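Undergrad: Sequence and predicted structure below; questions after.
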Amino acid sequence: MANQKLDSLIAQACEAAGVSLVEQDMFRAGKRKTLRLYIDKPEGVSIDDCTNVSHFLSDALDLDPEIIEGAYTLEVSSPGLDRPLKSDADFIRNKGRFIRVTRPAGKPVVGKLIEVDEKNLTLALKGKKEEEVIPRDEVLVAKVDVQI
């Protein structure tokens with residue numbers, strides 16, 4: 001029950017701040033529990049976004065101390081550029097960005113993520129007219145590739 005309440009409060013906090021939840025993790029660090037949230041939005045996450053989610057959530061948790069029993073630390077941040085893309089939501093959120101895809105064989109492929117579905121990623125590669133379709137079951141690691 002407490003987990004459902006917590007999930008609901010996290011969803012409300014993200015909705016109120018206009019961000020989406022990428023990942024959540026609860027773990028014990030010494031005597032304290034740590035609740036870590038990663039949030040994102042298409043134009044990128046600001047410190048204000050993290051602060052808004054943190055304040056909303058900590059205020060709500062203070063009203064119902066049974067949701068997280070005992071001392072806890074709340075951490076809210078963006079997923080970071082080096083976080084691997086895993087879920088459908090990760091890939092969809094990064095459509096239009098350049099990503100680097102590593103497969104079991106060959107060099108990593110870098111291209112703009114044009115399309116994504118359950119089975120494939122479609123990338124537009126620099127200097128090539130044809131798009132490259134990469135089966136998702138061949139993807140070892142996919143990450144956002146920062147273009148300078």
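TA: Received the coordinates, thanks.
Undergrad: Contacts for the lowest-mean-pLDDT helix or strand in the chain next, please.
TA: Taking all helices and strands of the chain together, the one with the lowest average confidence (mean pLDDT, DSSP states H and E) is helix 88-93, at a mean of 87. Contacting residues not belonging to helix 88-93 are listed as 20, 22, 40, 42, 85, 113, 116, 118, 121, 142 [CB atoms under 8 Å, 6 or more residues apart in numbering]. For the C-beta atoms, the positions are set from N, CA and C on the backbone; glycine is no exception.
Undergrad: Give me the subset of those lying in strands.
TA: Applying DSSP state E to these, the entries found in strands are 20, 22, 40, 113, 116, 121, 142.
Undergrad: From Lys5, how far out is Ile47?
TA: Spatial separation of Ile47 from Lys5 under the definition CB to CB, to the nearest Å is 27 Å.
Undergrad: Any idea how many residues pack against Asp88?
TA: Per other CB atoms under 10 Å, the neighbour tally for Asp88 reads 12.
Undergrad: sorry, back to before: ok, Ile47 and Lys5, which is more surrounded?
TA: A side-by-side neighbour count of Ile47 and Lys5, using other CB under 10 Å, places Lys5 first with 15 against 10.
Undergrad: rewinding a little: could you identify the helix or strand that succeeds the least confident helix or strand of the chain?
TA: Toward the C-terminal end, the helix or strand that comes next after helix 88-93 (DSSP states H and E) is strand 98-102.
Undergrad: which one is the spatially most central residue of the chain nearest to, not counting chain neighbours?
TA: Closest to where the C-alpha atoms of the chain average out (CA atoms, centre = their mean) is Val22, at 3.1 Å. The spatial neighbour of Val22 that comes closest, neighbours along the chain excluded (CB to CB, 6 or more residues apart in numbering), is Tyr38 at 4.2 Å.
Undergrad: Alright, calling it a day.
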